[in-house]
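Trainee: build me a structure from this.
(chains A and B)
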Amino acid sequence: MDDLTFVWQSLPELLVGFPGHRPGGILLSLVLAVSSAATGMVLAVVLGSMSASTSRVLRVPATTYVWIIRGVPLILLLLLVHNVSSPTTLLGTQGSPTRSALIALSLYSTAYFADPIRAGLRSVPPQLIEDAALLGSRRSHTLIHVRLPFALRSMFPGLTTQAVTIFKDTSVVVIIGVADLTTNAQLVLGADVANSERWIPLYLAVGSLYFVTALALTKAASVWELRLTRSRSPIDLRTV
Amino acid sequence: MIRCCPMADWLTRDALDRLSDGIVITVGLTAITTVLALLLGGLLASARQSRSRGVRRASGAFVDVFRNVPALVLIIFFAFAVPTVVPQSRRTGLFFDNWLWDALNEMTGIPIPYYAVAATVALVANTGAHLAEVIRGGLSTVPSEEIESARLLGAGRLRVWRSVAFPGALRSSFPAVSSRLVHNMKNTALASLVAVPELFHSMQGEIARSFRATEFLTLVALVYLGLAAVFSMTLERVETHLLRGRRG
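Mentor: The predicted structure is shown next:
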């Protein structure tokens, strides 16, 4: 019972962080995931379009970027970004572990979103693109108004799965001491040997928090997807 | 100090030796977890199609749990939390200090072999659960006629699974399986947080020794890139082998 009381008393730290260091805990994990997934998504649309392009000058840098980021462990990318970027001032912000985490996670999600977007752009029926050209649409216009909406829609499940993965991957920020759920779990337990009976219940709580949140995000994504497919399609394929 | 390269004064022969020891452990950990995760993934994928409802439910729950908890949390749980189940007085004798761990330590050179085993269990459970989902998708693409014909030819259920269903599923889901396995290779770096002396851990040691963080981080990033490239090429060869085995 004592262990359960301990977990219960630690819940604020696990959910929203230590007083004076909020947001922390799983709230910070979510903030990190949402903001870097959003940044990554925007950059990935650019990168994915580049790597689906026929021009080598556009394609090669984009595919190289994706190849490099996908070949290096996130934890290493995080340390590298932290090491290089923390002495610098960027957009008026001082170096901090949280800023490094945001940069590294954004770079990471860009690479992981770019691949499905590229595949989605490839899957656009050529007929559709030719029709748009026949109707006098410029290539950039076709990309923005025809190919990207089509690709994003067909790749939606893949992209949301990736976004949930990024949420789980935020746990590696523990290595630079960002006060997310994983870090706060370690801080709550501390180095006290007498605490050892509390490891199991506390980590079960931490695991459950990640589990429930990831499952809820997945559920929300599939509801969103259902609404997207039910709503009016930007390209009604029946008329194509 | 003996220097390895005239241009890089930070990369001493000793540092290079210690990094290579780390690479060996990373490769070993990758090999073991890859094989075990493939087995677990295949097993779970077929368990989810079992006729028994209990087996379907249990394997589904396993996959959901181990996919949705971060690999790092699993590693810490198995390495640090699980030993606390046993009372303090018996903990050391059971998890850290007996002839089995001593033998493992002797064989691998890993200071605390239990942590390496815990990290292996965590990575296998995590990657196995992810693979189960991917392979399950692949199983649905194996034509039911193929399975029925094999059954008609007198093959037992296990034989059908081993020679028809599983290879077929693996073949059609190979790109996803392969990218998950490469991801698993990169995830072995997380074992450094429970003191497994793999590449990332040895890199941290070198940084602490020399204070040359950027240099070592870049070097080790390149090593991981190389390992990832070699590993995915190996997987591609395995795939063509699988395909050839089918056509020939």
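
Trainee: residues contacting residue B:39?
Mentor: Going by CB atoms under 8 Å, 6 or more residues apart in numbering or on different chains, residue B:39 touches residue B:128. Heads up, the C-betas are built off the backbone N, CA and C, glycines and all.

Trainee: after the host helix or strand of it, next one along is what?
Mentor: Assessed by DSSP states H and E, residue B:39 sits inside helix B:13-47. Moving toward the C-terminus from helix B:13-47, the first helix or strand encountered (DSSP H and E) is helix B:53-68.

Trainee: packing partners for that following helix?
Mentor: For helix B:53-68, the packing partners by 3 or more CB pairs under 8 Å, 6 or more residues apart in numbering or on different chains; DSSP states H and E come out as helix A:199-230, helix B:13-47, helix B:113-139.

Trainee: try 10 Å
Mentor: helix A:156-169, helix A:199-230, helix B:13-47, helix B:113-139 (3 or more CB pairs under 10 Å, 6 or more residues apart in numbering or on different chains; DSSP states H and E).

Trainee: and those helices as JSON lines, adding distance to residue B:54?
Mentor: Supplementary listing: the helices and strands packed on helix B:53-68 in JSON lines, determined by distance: least, CB to CB, whole Å:
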{"stretch": "helix A:156-169", "distance to residue B:54": "28"}
{"stretch": "helix A:199-230", "distance to residue B:54": "21"}
{"stretch": "helix B:13-47", "distance to residue B:54": "10"}
{"stretch": "helix B:113-139", "distance to residue B:54": "17"}
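
Trainee: which of those helices sits most buried?
Mentor: helix B:113-139 (a mean of 23; mean count of other CB atoms under 10 Å in any protein chain shown).

Trainee: that older thread, got CSV for the helices and strands packed on helix B:53-68, with distance to residue B:94 and mean pLDDT too?
Mentor: Below are the helices and strands packed on helix B:53-68 laid out as CSV (distance: least, CB to CB, whole Å; pLDDT from 0 to 100):
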stretch, distance to residue B:94, mean pLDDT
helix A:156-169, 31, 91
helix A:199-230, 15, 91
helix B:13-47, 22, 94
helix B:113-139, 9, 95
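
Trainee: what's the closest of those helices to residue A:96?
Mentor: When these are compared by CB to CB, helix A:156-169 sits nearest residue A:96, at 19.6 Å.

Trainee: near chain B, anything from that closest one?
Mentor: Yes: Helix A:156-169 is in contact with chain B by CB under 10 Å from any CB of the partner chain, via A:161, A:164, A:165, A:167, A:168, A:169.

Trainee: grab the most central residue of the chain for me.
Mentor: Defaulting to chain A. residue A:37 (3.4 Å; CA atoms, centre = their mean).

Trainee: if you could check chain B rather than the one you did, that'd help
Mentor: Most central in chain B (CA atoms, centre = their mean) works out to residue B:33, at 2.8 Å.

Trainee: that one contacts residue B:122, doesn't it?
Mentor: Yes: using CB atoms under 10 Å, residue B:33 is in contact with residue B:122, at 9.3 Å.

Trainee: mutual contacts of these two, please.
Mentor: Shared contacts of residue B:33 and residue B:122, defined by CB atoms under 10 Å, 6 or more residues apart in numbering or on different chains, are found at B:187, B:191.

Trainee: for the helix or strand harbouring residue B:233, which positions count as buried?
Mentor: Using DSSP H and E, residue B:233 maps to helix B:213-247. The neighbour-count check on helix B:213-247 (16 or more other CB atoms under 10 Å in any protein chain shown) flags B:213, B:215-217, B:219-221, B:223-225, B:227-228, B:231-232, B:235, B:239 as buried.
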